[in-house]
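Novice: Build the 3D model from these lines:
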Amino acid sequence: MRIVIGQGSCGIAAGAEKVKSALLNENVGCEVSVTGCIGMCYLEPIVDIYDGDELTRLVKVCENDAKRIAEFVSSKDKSTIEDLIVSDEDSEFLNKQTRIALRRCGIINPDELSAYIEADGYTALKKAVCEMTPEEVIEVIKTSGLAGRGGAGFPTWFKWNAARQSDGDEKYLICNADEGDPGAFMDRAVIESDPHNLIEGMLIGAYAIGAKHAVVYVRAEYPLAIKRLKRAIEQASAEGIIGNNIFGTDFSCDFTIKAGAGAFVCGEETALIESLEGHRGMPRLKPPFPAQSGFWRKPSNINNVETFANVSWIINNGGEAFSAMGTDGSKGTKVFAVTGKVKRSGLVEIPMGKTLRDVIFDIGGGMKTDKSFKAVQMGGPSGGCIPAELIDTVIDYKALGATGAIMGSGGMVVMDESTCMVGMAKFFLDFTAKESCGKCIHCRIGTKRMLEMLERITKGEGKDGDIELLEELCYSIKDGALCGLGQTAPNPVLTTIKYFRDEYEAHIKDKKCPAGECSDLIEYKILADKCKGCTLCARNCPVDAISGTVKEPHVIDTEKCIKCGKCYSSCKFDAIIKA
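Specialist: The predicted model follows:
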């Protein structure tokens, strides 16, 4: 037997390191190793026990369970750990996925090169550099239909070919791992769980475009990802996989890592290049495009982590195998980080062509509470809200674009009926306004003015004509902004106005928040006929705004009330309402 403990960031945050220490202290009598995130973040910490080919998966394990696990290893009696074994229902979370980019995540040890090689690692690189010309590699990627997974969905082969055909002996291949969308963690999980897969995909890309230098731009907020990637680069370098004359060929390539300071705008490729060069991250005018003049004004190619994570599979299995999955305009699979008011949050990889319902209800298990599904935000602050009536929208670039949202890098935030859509738009505008680099007036000033309007509306200070003015500002910013940040910043506002205009009107005309989320527009009241006088609400009130005697109805002093909602959440008799 051997024990494997999930130690991605989610597992560690849930206590996986304490679980590992407890198991080692129990002297379980078998190998104890680690792996990355398998995607079932809502069930962490996860412990996998392998007995030959038989897998027993334990979920929500704590350090106090170590003794029982040791007993199971010794006796093989599953009754000792029966309550920890993953349910059939939760197992469907993985069983209903098709994994390519995530195929080794949560399976192999990310710190061991040998584990990657045993799982067919670096066979695609060897095939590419020893058996194929760069042009043949690009042709396979073209056949696959692989599009950039960072958001724009631009054909990968086209970018590679443009860089390949650009003049110059010095070229750069860059990985954009500056994952900044709220609720997105796909790239982080891939680097933490399968760093050699990223390296292999990048080396194949470098060979295809003729680059001798590869750079990974990753945000400094991902310390575990950086640590594991550094180790992987050192291991691959020691084996001659990175460096000079790779696999005895004329192909040579070195690797460096740049830890970015966490500016969202650096997700835009030219702003990323500026940051790489030591300048403030601000976008450049295009053309020229990076393929002609990029890093240090040399021909450069930039793709994101998930794009490179697909490359080795495509080379080994053929472009036709990848293009067989998906729709006519969107090939292969796509990884999503599913978060919010959904039962099973985590990483999901599905073939393009599945629907939002498939992801949110079939794989994600539906709503976490008994409240109804209301909307899903796709594409982070650059995306838009898709309402419940469009739950059967097909997941591909064209269909999602038709709703006003975008595929984006793969963030998927699920909302129920308790979510205020005006507040949600304000949340994303607050993010983009703060992250604007300030280079162009439309984005720097326009997002700020939009945010101010949304703040007024959520405070009950909205005026007639605000909705129309918001829409006018949105289109002006989209048309005038220099880069993708400004051009897409209005999307959350435009889609919430399009699908939830009645909520905007309620905030402006009735001074009410239908979802009961905007604190300035709600008032807590105690229903005298339901109040039992248990005093629980009064004891939980941080400002002593609730008064009354035991077993008698209580009252709330609205002048003192700070609308924190603690009374509402603590009442066991549904005696407190939001008015």
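Novice: Regarding this structure, what is its longest helix?
Specialist: helix 441-458 (DSSP state H).
Novice: just checking, next helix/strand downstream of that helix?
Specialist: Going down the chain from helix 441-458, the next helix or strand is helix 466-480, by DSSP states H and E.
Novice: Could you list the residues in contact with the helix or strand just after that following helix?
Specialist: Reading on from helix 466-480 to the C-terminus, the next helix or strand found by DSSP H and E is helix 484-488. For helix 484-488, the surrounding residues in contact (Cβ atoms under 8 Å, 6 or more residues apart in numbering) are 151-152, 264-265, 267-268, 283, 379, 381-383, 406, 432, 435-437, 440, 442-443, 446-447, 477-478, 480-481. For every residue, glycine as well, the C-beta is placed using N, CA and C.
Novice: Can I have the buried ones of the residues you listed as a PyMOL selection?
Specialist: Applied in PyMOL, the following selects the buried portion of the contacts of helix 484-488 according to 16 or more other Cβ atoms under 10 Å:
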select buried, resi 151+264+265+267+268+283+379+381+382+383+406+432+435+436+437+440+442+443+446+447+477+478+481
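Novice: related to what we said a few turns ago, any idea how far the longest helix of the chain is from the middle of the chain?
Specialist: 26 Å (Cα atoms, centre = their mean, to the nearest Å).
Novice: So which elements touch that helix?
Specialist: In terms of contacts (3 or more Cβ pairs under 8 Å, 6 or more residues apart in numbering; DSSP states H and E), helix 441-458 is packed against helix 421-435, helix 466-480, helix 484-488, helix 491-505.
Novice: Once you drop chain neighbours, what's closest to Leu527?
Specialist: Ala575 (5.1 Å; Cβ to Cβ, 6 or more residues apart in numbering).
Novice: how much space between the one you found and Pro514?
Specialist: 22 Å (Cβ to Cβ, to the nearest Å).
Novice: got it, and Glu239?
Specialist: 60 Å.
Novice: Looking at these two, which has the bigger crowd around it?
Specialist: Pro514 (18 against 13; other Cβ atoms under 10 Å).
Novice: And the pLDDT at that one?
Specialist: With respect to pLDDT, Pro514 has a value of 93.
Novice: ok, which stretches of the stretch 301-450 of the chain are helices?
Specialist: 305-317, 319-323, 356-357, 397-403, 421-435, 441-458 (DSSP state H, counting those that start in this stretch).
Novice: same question but for the stretch 101-250 of the chain, I mixed them up
Specialist: Under DSSP H, counting those that start in this stretch, the stretch 101-250 of the chain gives helices at 113-118, 123-131, 134-144, 156-165, 186-193, 195-209, 223-238.
Novice: Out of those helices, which is closest to Thr355?
Specialist: helix 186-193 (19.6 Å; Cβ to Cβ).
Novice: Distance-wise, check Ile117 relative to Arg344.
Specialist: 32 Å.
Novice: Distance from stretch 262-269 to the middle of the chain?
Specialist: That offset, for stretch 262-269, works out to 15 Å (Cα atoms, centre = their mean).
Novice: quick one: contacts for the residue lying closest to Glu435 once chain neighbours are set aside?
Specialist: Nearest residue to Glu435, sequence neighbours excluded (Cβ to Cβ, 6+ apart): Phe264, at 3.7 Å. For Phe264, the contact set (Cβ under 8 Å, 6+ apart) comprises 180, 381, 431-432, 435, 485.
Novice: and those residues as JSON lines, adding pLDDT and distance to Phe247?
Specialist: Output for the contacts of Phe264, formatted as JSON lines (pLDDT from 0 to 100; distance: Cβ to Cβ, whole Å):
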{"residue": "Gly180", "pLDDT": "84", "distance to Phe247": "36"}
{"residue": "Pro381", "pLDDT": "89", "distance to Phe247": "42"}
{"residue": "Phe431", "pLDDT": "95", "distance to Phe247": "45"}
{"residue": "Thr432", "pLDDT": "95", "distance to Phe247": "45"}
{"residue": "Glu435", "pLDDT": "94", "distance to Phe247": "42"}
{"residue": "Leu485", "pLDDT": "92", "distance to Phe247": "40"}
